[in-house]
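K.L.:
Build the 3D model from these lines:
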Amino acid sequence: MPAFPAALPAARTPDPMTAPALRWGILGTGWIAERFARSVRRHTRQSLTAVASRDHGRAEHFARRHGIPRAHGSYEELTAASDIDVVYVATEHTAHLTCARLALEHGKHVLVEKPLALNAEEAIEIARFAAGRRLTGFPGDL
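P.N.:
Purely as a prediction, here's the structure:
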């Protein structure tokens with residue numbers, strides 16, 4: 001029987017601090033958006049560029065707490081901004097499809113908090129919509 005290793009193997013995942021910095025926009029200001037913003041700040045070099053909420057005051061409060069330079073009172077404003085590369089969708093689950101499509105329509109890459117969608121049909125719609133705009137990492141046709 002082989003001896004028990006004295007050390008853990010080297011990590012196979014890249015160091016997040018070495019990833020190219022992208023300019024992120026966050027849709028939503030709830031609990032999961034808080035965790036996302038805190039984690040991005042603490043563990044990466046990514047740029048949190050803007051946050052949006054249907055309530056502009058909530059977006060401004062969130063932006064101040066997390067050092068985000070810009071707050072929007074609508075999801076449309078944020079997704080239309082030319083200085084956003086990726087949108088993190090942290091809205092209520094029933095709005096994931098709508099918000100993902102909105103960001104994709106504006107040519108943004110999208111990361112949706114879980115669940116991606118309310119059902120498989122919505123998830124497939126998001127994936128196909130992204131693929132149609134060449135904004136997906138999926139190989140081949142969906």
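K.L.:
Next, count neighbours for Arg23.
P.N.:
For Arg23, the neighbour count with other Cβ atoms under 10 Å is 15. All C-beta spots, glycine's among them, are computed from the backbone N, C-alpha and C.
K.L.:
residue contacts, it?
P.N.:
Contacts of Arg23 were listed using Cβ atoms under 8 Å, 6 or more residues apart in numbering, and they are 47, 49, 83-86.
K.L.:
Mind doing that once more with 7 Å?
P.N.:
47, 49, 83-85 (Cβ atoms under 7 Å, 6 or more residues apart in numbering).
K.L.:
Which of the residues you listed has the largest number of neighbours?
P.N.:
Ile84 (24 neighbours).
K.L.:
excluding its backbone neighbours, what's nearest that one?
P.N.:
Distances taken as Cβ to Cβ, 6 or more residues apart in numbering place Gly25 nearest to Ile84, at 4.1 Å, with adjacent residues excluded.
K.L.:
can you tell me the helix or strand for the one you found?
P.N.:
strand 23-27 (DSSP states H and E).
K.L.:
Spell out the secondary structure type for the closest residue in space to Ala117 that isn't next to it in sequence.
P.N.:
Spatially, and ignoring its direct neighbours in sequence, Ala117 is nearest to Ala123 (4.2 Å; Cβ to Cβ, 6+ apart). Taking DSSP: H, G, I helix; E, B strand; the rest coil as the rule, one finds Ala123 in the helix state.
K.L.:
these two touch, right, Ala123 and Lys114?
P.N.:
No - judged on Cβ atoms under 7 Å, Ala123 makes no contact with Lys114 at a distance of 11.0 Å.
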